[in-house]
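Asker: pasting the sequence and the predicted coordinates here, then a few questions.
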2 protein chains.
Amino acid sequence: MQEHEFSRIERAPAYRLVYDAIEREILSGRLRVGDPLPAELQLAEQFGVNRSTVREGIRLLEQSGLVERDGGKRPRISLPHYLDLASSASRALILHSVTFRELWEASMVLEPAIAESAARNVDDAGLAELHANIDAMDANVKAFEGSAEADTDAFVKLDRGFHEILAKVGGNRVLALAHEPVTSLFIPTGQIILQRLKTYRRVLDAHRHIYNCLKDKDAAKARTWMHRHMDDFRRAYELTELAWDAPLDAVSLGITQATTYR
Amino acid sequence: MQEHEFSRIERAPAYRLVYDAIEREILSGRLRVGDPLPAELQLAEQFGVNRSTVREGIRLLEQSGLVERDGGKRPRISLPHYLDLASSASRALILHSVTFRELWEASMVLEPAIAESAARNVDDAGLAELHANIDAMDANVKAFEGSAEADTDAFVKLDRGFHEILAKVGGNRVLALAHEPVTSLFIPTGQIILQRLKTYRRVLDAHRHIYNCLKDKDAAKARTWMHRHMDDFRRAYELTELAWDAPLDAVSLGITQATTYR
DNA sequence: AACAGTCCGTTTGTCGGACAATTTCAATTA
DNA sequence: TAATTGAAATTGTCCGACAAACGGACTGTT
C-alpha cells in the first residue's frame, strides 16, 4: 500500500505571528521609520493577545534591528543599518572556525576592488577624511619611534578606520557590507603582527600611496597599491609563523565578552 | 552655581542582561551546541528574575540564531549558520535602496573570484553536484523550447543554485557569505530578463563552459568565463531598459511577505 | 519482542492582573 | 514666553494560573 506523505503541520506561536505582522507593517511602509511603535496594550488589543505575548514579539523585532529602544523611551521603528549586520557575520564566521586563509583570500578580492572604486568615486570630503586618518596615524607612528611604549591598539583602530573610509567612499554598499566582517576579524591578527614586527611605518606608507592614487583618481594604481599592501600583510603573517589554516581564535577576538549596544 | 555634569546612567533592562548572560555561556562553550536550553523556571531562579523576563531574553537569543526552536520541543542551543545571515543582509540592503549598479559591480568582483577558487578546489562530489544542476537546467530549457509555457521560476532557482554550489565548492566561507545576498537579490531581475529576452540557452551554455573549466581545473579560464557570463547579464539588463541606479523594488522581491522559518 | 495505549510530571505558550519607574504632554506658574 | 508641575500614558517587572504538548515509564495486547 502506498503511504501518503503528509507535509509537516506548523503551528507558529502567537508571539511569532505578532512579530510577522508588525514586520509586514514596517516593510510595507504602513508603519514608518522613526515613528514610535504603538503601545503594547494597544497592540495586544488589536491582535487579540495578551500584552506579554506582544512583548515577546517585540523582542524579536528588537533583535532583528527593526525596532530600536533608547533608554526607557518608546521604542521606535528603525531600519537595520547594513553594517550592523557585520558583527553578527563576524561572530558566525568565528563560530564556524573560519581560517585566516579564507579571510585573507577574501580580502585580496575585496580590498583592491574597493580601492579601485574609491579612486573613481572619491570627493573632497572623502579625501579630507582619509587625510585626517593618515595624519592621526602619522602622529601615532612618531610617538612609537620616540618612546618604547607603543599604543598598538590605537594604531590598529586607525588602520581599520582607513579601510572602512575607503569602503564608504567607494560608494558600493554591497561591497562595504561584505568587507566589514573581514576588517573586524583582521584586528587581532593585526595587533599580533604589529607588536612583533613593528611594521607601523610600512603600513602608513602604503596608506599614503593609496591616498595619493585617490587624489589623482588613478583607479588602476590604487588597486595595485592596495594589492601590494594586502600582500605585505600576508608576508608579515608568514614571518610571525602563524598558521594559515588554523581557525581564528574566539577568545583573542573578545567575542566572549558581552556585546556593547549603542 | 556650577552644575556638575553627570554622565548618563545606563540601565540595561533585565531581559537584556539575561540575553547577555546566556549568550556568554554559549560563546564560551559552557553551554554546548545542541544541548537543550535550561528550563525557563530554572533560569528565572538562577538569575533571580521572573519567568516572563527570562522568556523575553530567550526571544532575543532566538532571533539572533543562538537558540533554535523545533515545534513545541525544548529550545536547543545552536550556532547561527553564516548563510542564514544573508537574508537579513538582503533585507537591509533592500531597505537602504541599494541599486542594481551596486549589486552588479559587487558580483563582478565576487563571482569571478569564486569561480576561480572553485576551479582550484573542486572535487568529484562538487563536479557531480554541478552536473546534476546543469542536467536539470537542460531539461528545463528543452521543455521551454517545446511548449510555450515556461517555468521561469524553476529556471531561476536552478541558476541561483549553480552559483551557490560554486561558492560552496570554492571553500571560502567569507566569500560565500558575501556572495549569498547578491544571488538572492538578483532573482527578481533574473526573472524579468528571462521572460523578456528568453536567454535560457545562453545561460545554460555559460554554465556548461564554466563546468568544463572546473573539470579541467583551469582557474584562469573559469574566471574568464564567469566574467563573460556576468557581463552577459549586464547586457541583458540594458536591453530590457531597466534603470541602473534605481533602487531595487522591495515588493517585487517579496520581502513584504512573512519570512519562512525552518 | 514489538507495538499501542495510558498515565503523569515537566515545560512551554498564553493569559490576567498588578505596581513602580519613567516618559509625555498639557495645564499652570513665574 | 519660558520654566515648572502634575496627571495620564507607557514600559519594565513581577506574580499566579492553566491548557497543551512533550518525554518517559508503565501496562497490556498481539
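Answerer: Yep, that arrived.
Asker: relative orientation of the helix ranked longest in chain A and helix B:173-197 in degrees?
Answerer: Using DSSP state H, we find that the single longest helix of chain A is helix A:173-197. Helix A:173-197 runs at 160 degrees relative to helix B:173-197, counting by axes from the mean of the first three to the mean of the last three Cα atoms, to 10 degrees.
Asker: pLDDT below threshold where in chain A?
Answerer: Within chain A, the stretches with pLDDT under 70 are A:1-8, A:146-150, A:249-262.
Asker: apply 50 and report the result again.
Answerer: Chain A contains residues with pLDDT under 50 at A:1-3, A:250-251, A:253-262.
Asker: domain ranges for it?
Answerer: A:14-77, A:84-239 (automatic domain parsing).
Asker: let me know which of these is tucked in deepest.
Answerer: Of the domains of chain A, the one with the most neighbours on average (mean count of other Cβ atoms under 10 Å in any protein chain shown) is domain A:84-239, at a mean of 19. All C-beta atoms are positioned from the backbone trio N, CA, C, and that covers glycine.
Asker: identify the residues contacting the residue of chain A found nearest DNA strand C.
Answerer: Of all residues in chain A, residue A:14 sits closest to DNA strand C, at 2.9 Å by Cβ to the nearest atom of the strand. Shown in contact with residue A:14 (Cβ atoms under 8 Å, 6 or more residues apart in numbering or on different chains): A:47, A:49, A:53, A:57.
Asker: now, those that are in helices?
Answerer: Going by DSSP H, the helices hold A:47, A:53, A:57 from the contacts of residue A:14.
Asker: how about the helix or strand residue A:42 falls within and DNA strand D, touching?
Answerer: For residue A:42, the host element (DSSP states H and E) is helix A:40-47. Yes: Helix A:40-47 reaches DNA strand D (Cβ under 7 Å from any atom of the strand) through A:40, A:41, A:42.
Asker: contacts for stretch A:200-217, please.
Answerer: Residues outside stretch A:200-217 that contact it (Cβ under 8 Å, 6+ apart) are A:115, A:118-120, A:122, A:126-127, A:130-131, A:133-134, A:137-138, A:140-141, A:144-145, A:150, A:155, A:159, A:162, A:166, A:169, A:194, A:219, A:221-222, A:225-226, A:228-229, A:232.
Asker: from the chain's centroid, how far away is it?
Answerer: Here the centre of stretch A:200-217 is set off from its chain's centre by 23 Å, with Cα atoms, centre = their mean, to the nearest Å.
Asker: the helix or strand containing residue A:119 and chain B in contact?
Answerer: Counting by DSSP H and E, the element that carries residue A:119 is helix A:100-121. Yes: using Cβ under 8 Å from any Cβ of the partner chain, helix A:100-121 reaches chain B at A:102, A:103, A:105, A:106, A:109, A:110, A:113, A:117.
Asker: that helix to helix B:173-197, inter-axis angle?
Answerer: Here helix A:100-121 runs at an angle of 50 degrees relative to helix B:173-197 (the same axes, to 10 degrees).
Asker: what's downstream of helix A:100-121, the next helix or strand?
Answerer: Assigned by DSSP H and E, the successor of helix A:100-121 is helix A:124-146.
Asker: against which helices or strands is that following helix packed?
Answerer: helix A:152-170, helix A:200-215 (3 or more Cβ pairs under 8 Å, 6 or more residues apart in numbering or on different chains; DSSP states H and E).
Asker: mind listing residues that contact it?
Answerer: A:118, A:150-151, A:154-155, A:158-159, A:161-162, A:165-166, A:168-169, A:198, A:200-201, A:203-204, A:207-208, A:211, A:214-215.
Asker: mind redoing it with 10 Å?
Answerer: With contact meaning Cβ atoms under 10 Å, 6 or more residues apart in numbering or on different chains, helix A:124-146 is reached by A:118, A:122, A:149-152, A:154-155, A:157-159, A:161-166, A:168-171, A:194, A:198, A:200-205, A:207-208, A:210-211, A:214-215.
Asker: could I get the CA-only coordinates of that helix as PDB?
Answerer: Extracted in PDB, the C-alpha atoms of helix A:124-146 (Å, rounded to 0.1, in the frame of the first residue of the first chain):
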ATOM      1  CA  ASP A 124      36.800  66.300  -1.400                       C
ATOM      2  CA  ALA A 125      35.100  65.200   1.800                       C
ATOM      3  CA  GLY A 126      36.300  61.700   1.500                       C
ATOM      4  CA  LEU A 127      39.800  62.800   0.800                       C
ATOM      5  CA  ALA A 128      39.800  65.000   3.800                       C
ATOM      6  CA  GLU A 129      38.600  62.200   6.000                       C
ATOM      7  CA  LEU A 130      41.300  59.900   4.700                       C
ATOM      8  CA  HIS A 131      43.900  62.700   5.200                       C
ATOM      9  CA  ALA A 132      42.800  63.100   8.800                       C
ATOM     10  CA  ASN A 133      43.200  59.400   9.400                       C
ATOM     11  CA  ILE A 134      46.600  59.400   7.900                       C
ATOM     12  CA  ASP A 135      47.700  62.400  10.000                       C
ATOM     13  CA  ALA A 136      46.500  60.700  13.100                       C
ATOM     14  CA  MET A 137      48.400  57.600  12.200                       C
ATOM     15  CA  ASP A 138      51.400  59.600  11.400                       C
ATOM     16  CA  ALA A 139      51.400  61.100  14.900                       C
ATOM     17  CA  ASN A 140      50.900  57.700  16.300                       C
ATOM     18  CA  VAL A 141      53.900  56.300  14.500                       C
ATOM     19  CA  LYS A 142      56.100  59.200  15.500                       C
ATOM     20  CA  ALA A 143      55.100  58.600  19.100                       C
ATOM     21  CA  PHE A 144      56.200  55.000  18.700                       C
ATOM     22  CA  GLU A 145      59.600  55.900  17.400                       C
ATOM     23  CA  GLY A 146      60.100  58.200  20.200                       C
END
